[in-house]
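Participant: Everything below, folded, please.
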Amino acid sequence: MKVYLVGGAVRDALLHYPIVEHDYVVVGSTPKQMLALGYTQVGKDFPVFLHPESKDEYALARKERKSGQGYTGFICDFDPTVTLEEDLYRRDLTINAIAQDENGQLVDPYHGQADIKSRILRHVGPAFSEDPLRILRVARFAARYHHLGFTLAPETFKLMKEMVSAGELKTLTKERIWLEIEKCLKTGTFHLFLDVLNELDALQDTLPILPSWNAQNSSLTEQINNQKEMSNSPHITSTWQICQFCICLQTCKLDNLKDIEQSLRIPSIFANSLRDYKTLQLLLNAPLNAEGVLQFFNQIDLWRRPERFSLLLEILKHSGNKTDIAKMLENCANVAQAITAQQIIALGYKGAEIKLGLQTARVTAISKILE
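Facilitator: All right, here's what the predicted structure looks like:
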């Protein structure tokens, strides 16, 4: 039984890049032996075990063969005779197919180190085309390491484009696509991910609500990322993830909240924020007046959900030299919120008059801010 560190930890160590997690492959062992050593099994058909102390993942060396359509249609062979080289051969990219033994020696049968030096993302072998999820994974790697100068190998780009043309991405679930998007959002590289998918003609199958993506969209988000200095940070706040998502998808087709949730299967906070941001764009694209601002506040339910407005202000501040507009809207919201129904009742308004009086008072207050 031999244990090797594999995948991302080895790759990122060679790149002097922050290491997020450690994964190991075990050669020459069986599930029974792993359990006897105190490991906890977390997969049956795909035998992965958690270390009893570190809780790092240890997977038995395996080979795979295609048994069906999509990214789940595989049969795994994890016989103890499977070699390390056979296990590494099933991996997606050469830079991810490097192992390190317990003495720190590297095992690199597919020349991943050379591709790291050349800054090339190259697929390991023909089995790459059997898993459509790898299109998104490689696009994510291309985005993540873009600032280090990595590019796709021509043969890998060609293969990925052929897979897209063959409709392979249509077999992926919306939930699985979102997981890849979320990983890009956490590293501040979502716009670069979209660049790659656009070049592959893959946006229709992954983000059908996004009618177009161009260099101007990408450049705007790049400027924002530079301001935030995100490129080398492994930790991105949840607020910034939402900001990136909304700014990148500001041109999306969106008729209602249900459309965005159903087309992407995304968390409600992302769907709500995108809807609110697009509603704000409609406000700002028309001549600004107090009645329109108040209607906008009603639409986003400022009175009961002020946190949605606060998040919207953050998105606006990051969407390109709009700090002044954000401050103006914040002042409008403050004066409008300061006027309550109780104050209107105290002036003698009753019944249906209360709502009209409240609206009139808020419009008057907002008008003074807009003057």
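
Participant: lowest-confidence helix or strand of the protein?
Facilitator: Ranked by mean pLDDT, DSSP states H and E, the weakest helix or strand in the chain is helix 215-228, scoring a mean of 63.

Participant: moving C-terminal of that helix, what's the next helix or strand?
Facilitator: The helix or strand immediately downstream of helix 215-228 is helix 238-248, counting by DSSP states H and E.

Participant: tell me which residues in that next one are buried?
Facilitator: For helix 238-248, the buried set under the neighbour-count rule, 16 or more other CB atoms under 10 Å, comprises 240-248. (Glycine included, C-beta is placed from N, CA and C.)

Participant: That one - contacts with which helices or strands?
Facilitator: Using 3 or more CB pairs under 8 Å, 6 or more residues apart in numbering; DSSP states H and E as the contact test, the elements touching helix 238-248 are helix 174-186, helix 190-199, helix 215-228, helix 268-284, helix 306-318.

Participant: ok so, going back, what's the farthest-apart pair in the buried residues of helix 238-248?
Facilitator: Using CB to CB, the pair of the buried residues of helix 238-248 lying farthest apart is 240 and 248, separated by 12.3 Å.

Participant: sorry, back to before: make JSON lines out of the buried residues of helix 238-248 and add distance to residue 332.
Facilitator: Formatted as JSON lines, the buried residues of helix 238-248 follow (distance: CB to CB, whole Å):
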{"residue": "240", "distance to residue 332": "25"}
{"residue": "241", "distance to residue 332": "27"}
{"residue": "242", "distance to residue 332": "22"}
{"residue": "243", "distance to residue 332": "21"}
{"residue": "244", "distance to residue 332": "26"}
{"residue": "245", "distance to residue 332": "25"}
{"residue": "246", "distance to residue 332": "21"}
{"residue": "247", "distance to residue 332": "22"}
{"residue": "248", "distance to residue 332": "27"}
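
Participant: residues contacting residue 331?
Facilitator: For residue 331, the contact set (CB atoms under 8 Å, 6 or more residues apart in numbering) comprises residue 369.

Participant: Please tell me how far residue 39 sits from residue 4.
Facilitator: The gap separating residue 39 from residue 4 is 16 Å, by CB to CB, to the nearest Å.

Participant: More neighbours: which of those two?
Facilitator: In terms of neighbours (other CB atoms under 10 Å), residue 4 is the more surrounded of residue 39 and residue 4; the figures are 24 against 20.
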